[in-house]
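Enquirer: The sequence and its predicted three-dimensional model are supplied below.
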Amino acid sequence: MNLPDTKELQIFLDVATEAAMTAGVILEDLVDKLEKIEEKGRPGDLVTEADKKAEATVLNILKKRVSNHQILAEESGKIGDNDSDYLWVIDPLDGTTNYAHGYPASAVSVGLLWQEKPIVGAVYNPFNRELFRGAKGLGATLNYRPIKVSQTDQLSNSLLVTGFAYDRRESKDTNYPEFCYLTHLTQGVRRGGSASLDIANVACGRLDGYWERGLSPWDIAAGIIILEEAGGKVTAYDESPLKLESGRLLATNGKIHHSLSQALAEALSWLKAFYA
């Protein structure tokens, strides 16, 4: 099967947009009305009734509009035809911890993979009414206006963002060393708390680069195509092709990509020297 044509991609992009924005209305409505906040097994890995209701809404739209496609949703797992070349990857509430605390940095992330490659994405933050969209060959937009990555070409002039995985309390494999090291090398490192929004903010030039470990496909699938269509670059930490299931992502404006990759590799040795 060939890559979907422009008309098909536009239809899929409209489906992703409808799903993301409809679920966003639910998140906006429930944010001050949560009755129960649960942990899913690891400290800090939260789920609320908003996650579940938003996901149900997205699934209902996809089942009506693209019933022959497979779906991977954070709360429901895999659904649908295993033989399909299409896989919708859904995070109904990316940034649940932010949401549970009333901190307005959460989003609905709806991405579509074709033969395991991101081709469509919609990321919607209902709290500031920002809709990021992108599709293969169709460009990327913020509230329907074209966006491009920044022109920052020196790591020392960059503003970065990262996040910390839920297993950070028990795992020795964390990105704390990288966070410290890059704070010294750059103009700053932020922690947004929503991977899809972090990538989208690189896509529109507010940030120059992002890296994180411990990610799931639904955290990043939609953001990847939006960033790529905005002129950015996405790889593994070592600049090899990204594998979604690896959980490690390096996403930049492209101009600082190699420098940031090198800096990530240097971070552990820097930490050892710092405390020597």
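Expert: Received, thanks.

Enquirer: Count the residues that sit near residue 148.
Expert: 15 (other C-beta atoms under 10 Å). C-beta: built from backbone N, CA, C; applies to glycine.

Enquirer: mind checking pLDDT for residue 170?
Expert: Residue 170 is assigned 62 on the pLDDT scale.

Enquirer: Find the centremost residue of the protein, please.
Expert: residue 196 (2.4 Å; C-alpha atoms, centre = their mean).

Enquirer: Could you list the domains of this structure?
Expert: According to the TED database, the chain comprises the domains 6-146, 155-275.

Enquirer: So residue 76 sits against residue 58, correct?
Expert: No - using C-beta atoms under 8 Å as the test, residue 76 is too far from residue 58 to be in contact (9.7 Å).

Enquirer: So for the two, which residue has more residues nearby?
Expert: Counted by other C-beta under 10 Å, residue 76 and residue 58 do not tie: residue 58 has more neighbours, with 27 against 15.

Enquirer: how about the host helix or strand of the more buried one: buried residues?
Expert: Assessed by DSSP states H and E, residue 58 sits inside helix 49-65. Neighbour-count burial for helix 49-65, counted by 16 or more other C-beta atoms under 10 Å, picks out 50-51, 53-59, 61-62.

Enquirer: Put the alpha carbons of that helix into PDB.
Expert: The C-alpha trace of helix 49-65 is given here as PDB (Å, rounded to 0.1, in the frame of the first residue of the first chain):
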ATOM      1  CA  GLU A  49     -12.200  10.400  35.300                       C
ATOM      2  CA  ALA A  50     -11.300  13.100  32.800                       C
ATOM      3  CA  ASP A  51      -8.700  10.800  31.200                       C
ATOM      4  CA  LYS A  52     -11.300   8.100  30.800                       C
ATOM      5  CA  LYS A  53     -14.100  10.300  29.500                       C
ATOM      6  CA  ALA A  54     -11.900  12.100  27.000                       C
ATOM      7  CA  GLU A  55     -10.500   8.800  25.700                       C
ATOM      8  CA  ALA A  56     -14.000   7.300  25.300                       C
ATOM      9  CA  THR A  57     -14.900  10.400  23.300                       C
ATOM     10  CA  VAL A  58     -11.900  10.000  21.000                       C
ATOM     11  CA  LEU A  59     -12.500   6.300  20.500                       C
ATOM     12  CA  ASN A  60     -16.200   6.900  19.600                       C
ATOM     13  CA  ILE A  61     -15.200   9.400  16.900                       C
ATOM     14  CA  LEU A  62     -12.500   7.200  15.500                       C
ATOM     15  CA  LYS A  63     -14.800   4.200  15.400                       C
ATOM     16  CA  LYS A  64     -17.300   6.200  13.400                       C
ATOM     17  CA  ARG A  65     -14.900   7.900  11.000                       C
END
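
Enquirer: Quick one: the strands in the stretch 1-150 of the chain, in order.
Expert: Applying DSSP state E, counting those that start in this stretch to the stretch 1-150 of the chain gives strands spanning 37-39, 46-48, 70-73, 77-79, 86-94, 107-114, 117-125, 130-135, 139-142, 145-146.

Enquirer: Pick the most buried one from those strands.
Expert: Highest mean neighbour count of the strands of the stretch 1-150 of the chain: strand 107-114, a mean of 30 (counted as mean count of other C-beta atoms under 10 Å).

Enquirer: Name every strand pairing with it and say which way it goes.
Expert: strand 86-94 (antiparallel), strand 117-125 (antiparallel) (DSSP bridges).

Enquirer: May I have the residues that are in contact with residue 211?
Expert: 160, 162, 175, 178, 237, 248-251, 260, 264 (C-beta atoms under 8 Å, 6 or more residues apart in numbering).
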